[in-house]
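Enquirer: here is a sequence together with a model predicted from it:
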Amino acid sequence: MKATSPVGALLLCRAEPEIVRPVAHLLRERMLLVPAGDDWSALVPEGRPWQEPGTGTGAGAGAGDGAHGDGVEPVDRVVAGWAAALAVGSAWPVLALWWDGDRAGCLLASGFRRPVGYVWLADGTPAGEEEAVRTLADRLGLDPVLDVQALEELIRPDPDADARTRLRGLLAVLTRIGLFLPEGLDPDTPGDRLYEAADECPGAEPIVRPGPREAVRAGLDAVGNSRLGPWTRGPRARALAGAQLAVGLPLALWGIRRRGGGWVLAGALLLVHGALGLLVARDGRERSGQGEEAGAGG
């Protein structure tokens, strides 16, 4: 990878676009959502947080540790926050791919689990922990033998494989579980052209910042489509909502102290899920009570 190569990133979500859409709206970032194979979607960000000073306003916003002196956000930090925010409470994992002039890497976020990732230097030199690729394979449901062997080839020294070649190798392995990126959405496309390439893909749709009413609707859809959706009714709903509020508040405060916009958004999503869960539980309890009164009156 040349040192002058533009910065780029992709967010690969293991879910269909209609499931990803409501959660992606909550990021409040300009992106394009495109189908990317069987039960896969790709989010292609416009890239402003790492292209222009002071423009990061969503999950990657902030000028905390790791921010460049000119106010431009490091791409790996931005996409890590976005991936974590998308994956919190969701039933599907998010794999972020990123590259800049010095390094390239991937990061997998899955629910409340600690994100796992790997980094290569621009010339392809491995710079991560070997155990990370095994964890990544396990969480994505890859074959523990054949697919893990293929991934391990990507973290061995190879003077002929630069960082982009490593990422292409990772994408090739993921085709075994249904990922097929549209033409032009890969590390070979200059970062400042990814968004244009995504706009030309069949089925591409924009993700725009929602207004207050749309944000509430998106929050309701996100809860219903999450792994927590079946828990939003019944006697456990209030306990679950209380747990989400208890975890979400300190997580958001921690993100504020660290100036980590992604963790702030993850905490905020938990708070939204918890609040909506309490509302749904209360509504269900009131309807149940009304039904019992009607039955007694009959």
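Expert: Arrived safely, thanks for sending. Computed from a predicted structure; not experimentally measured.
Enquirer: in the protein, which spans are strands?
Expert: Counting by DSSP state E, residue ranges of the strands within the chain are 8-13, 31-35, 41-45, 94-99, 103-109, 116-121, 205-207.
Enquirer: tell me the helices and strands packed up against the second one.
Expert: Contacts defined by 3 or more Cβ pairs under 8 Å, 6 or more residues apart in numbering; DSSP states H and E place strand 31-35 against helix 17-25, strand 41-45, helix 194-199, strand 205-207. Placement of C-beta: from N, CA and C, glycine included.
Enquirer: so which of those is the most packed in?
Expert: Each of the helices and strands packed on strand 31-35 was scored by mean neighbour count; the highest is strand 41-45, a mean of 27, by mean count of other Cβ atoms under 10 Å.
Enquirer: packing partners for it?
Expert: Here strand 41-45 touches strand 8-13, helix 17-25, strand 31-35, helix 75-87, helix 194-199, going by 3+ Cβ pairs under 8 Å, 6+ apart.
Enquirer: tell me the buried residues in the fourth one?
Expert: Which is helix 75-87. Within helix 75-87, the residues scored as buried using 16 or more other Cβ atoms under 10 Å are 75-87.
Enquirer: mind exporting the C-alpha coordinates of that helix to PDB?
Expert: What follows is helix 75-87, C-alpha atoms only, in PDB (Å, rounded to 0.1, in the frame of the first residue of the first chain):
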ATOM      1  CA  VAL A  75     -10.100   5.900  10.600                       C
ATOM      2  CA  ASP A  76      -9.600   2.900  12.900                       C
ATOM      3  CA  ARG A  77     -11.000   4.700  15.900                       C
ATOM      4  CA  VAL A  78     -14.000   6.100  14.000                       C
ATOM      5  CA  VAL A  79     -15.100   2.700  12.600                       C
ATOM      6  CA  ALA A  80     -14.500   0.900  15.900                       C
ATOM      7  CA  GLY A  81     -17.000   3.200  17.500                       C
ATOM      8  CA  TRP A  82     -19.500   2.800  14.700                       C
ATOM      9  CA  ALA A  83     -19.200  -1.000  14.700                       C
ATOM     10  CA  ALA A  84     -19.600  -1.200  18.500                       C
ATOM     11  CA  ALA A  85     -22.700   1.100  18.300                       C
ATOM     12  CA  LEU A  86     -24.300  -1.000  15.600                       C
ATOM     13  CA  ALA A  87     -23.600  -4.300  17.300                       C
END
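Enquirer: contact partners for residue 30?
Expert: Contact analysis of residue 30 by Cβ atoms under 8 Å, 6 or more residues apart in numbering lists 45-46, 48, 206-209.
Enquirer: follow-up on the earlier one: reformat the helices and strands packed on strand 31-35 as CSV; add mean pLDDT.
Expert: Below are those laid out as CSV (pLDDT from 0 to 100):
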stretch, mean pLDDT
helix 17-25, 91
strand 41-45, 96
helix 194-199, 94
strand 205-207, 94
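Enquirer: in TSV, list those along with distance to residue 34.
Expert: Shown next, in TSV, are the helices and strands packed on strand 31-35 (distance: least, Cβ to Cβ, whole Å):
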stretch	distance to residue 34
helix 17-25	7
strand 41-45	5
helix 194-199	5
strand 205-207	8
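Enquirer: can you tell me which of the ones you listed is nearest to residue 246?
Expert: Counting by Cβ to Cβ, residue 246 lies closest to helix 17-25 out of the helices and strands packed on strand 31-35; the figure is 21.6 Å.
Enquirer: quick one: the closest one to strand 94-99, angle?
Expert: Angle, helix 17-25 to strand 94-99, by axes from the mean of the first three to the mean of the last three Cα atoms, to 10 degrees: 70 degrees.
Enquirer: and helix 17-25, what does it pack onto?
Expert: Applying 3+ Cβ pairs under 8 Å, 6+ apart, one finds that helix 17-25 makes contact with strand 31-35, strand 41-45, helix 75-87, strand 205-207, helix 212-225.
Enquirer: in the stretch 151-298 of the chain, which spans are helices?
Expert: Remark: helices assigned in the stretch 151-298 of the chain by DSSP state H, counting those that start in this stretch are 163-174, 194-199, 212-225, 237-257, 261-297.
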